[in-house]
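> I'd like to go over a predicted model; first the sequence, then the structure.
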Amino acid sequence: MLELQQDTERRIVEGCVENDRLAQEQLFKLHFGTMMGMCLRYTQDKEEARSIVNQGFLKVFQKIHTFRFEGSLQGWIRKLVFNALSDYFKKKAKLVNLVPIEEHQEISQRAKVLDDFYVSDLLVLVDRLPPATKEVFRLYALEGFSHPEIADQVKISVGTSKWHLANARKLLKNIISTNKSQLDLYAG
């Protein structure tokens with residue numbers, strides 16, 4: 001079954017490299033839902049999320065020739081869409097600074113945090129995590145691996161993988177809430 005999936009992925013990727021529209025459509029349809037879900041975790045606006053996903057897939061199709069079948073295709077796509085997400089919020093943060101202060105007060109707290117705090121800044125904070133926790137977080141959140149895949153790759157149990165992910169989230173929340181002034185330095 002896994003071999004069939006890998007063969008199908010290889011065929012689709014090769015079609016995308018050759019600029020085959022049908023292969024591009026297949027790749028998009030296979031991964032759109034997952035990427036849309038990821039983007040909706042950062043923005044509640046479906047049109048905004050759809051725009052980010054489309055920008056991410058544009059990058060995917062522009063760089064598909066660089067994919068070497070080392071690691072998961074979904075993880076590779078997730079990384080490019082995540083970069084599009086980061087770019088979007090950086091651009092949005094620049095535009096928000098032009099909006100009068102009265103309108104700033106209407107922005108939800110979550111959106112305000114995302115505007116002030118770039119995704120790339122989060123990656124700097126991820127480097128502060130303990131090595132095993134950082135590795136599991138990176139594999140799960142950025143590369144798109146499942147807990148069973150991480151457990152197999154890192155030689156730990158699925159439960160330990162889940163614990164490391166929960167611990168990473170807890171540690172990142174603590175770092176963010178206690179070091180807000182340092183975050184302003186990163187964003188500057």
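Nice, thanks for sending it over. Just so it is clear, the structure is predicted and the values come from calculations on it, not from any experiment.
> C-alpha from now on. contacts and neighbour counts both.
OK.
> which stretches of this protein aren't confidently modelled?
1-2, 4, 93-121, 143, 179-188 (pLDDT under 70).
> most centrally placed residue in it?
residue 82 (3.4 Å; C-alpha atoms, centre = their mean).
> Now do the residue nearest to residue 64 when sequence neighbours are not counted: how many residues are near it, please.
Nearest residue to residue 64 in three dimensions, chain neighbours excluded: residue 17, at 6.1 Å (C-alpha to C-alpha, 6 or more residues apart in numbering). Residues within reach of residue 17, counting by other C-alpha atoms under 10 Å, total 18.
> In this structure residue 17 contacts residue 65, no?
Yes. Assessed by C-alpha atoms under 8 Å, residue 17 is found in contact with residue 65 at 5.5 Å.
> on that earlier part again, any idea whether the residue nearest to the centre of the chain is helix, strand or coil?
helix (DSSP: H, G, I helix; E, B strand; the rest coil).
> I'd assumed residue 56 was in contact with it.
Yes. Counting by C-alpha under 8 Å, residue 82 does reach residue 56; the two are 7.5 Å apart.
> What are the boundaries of the strands in the protein?
With DSSP state E as the criterion, the chain has no strands.
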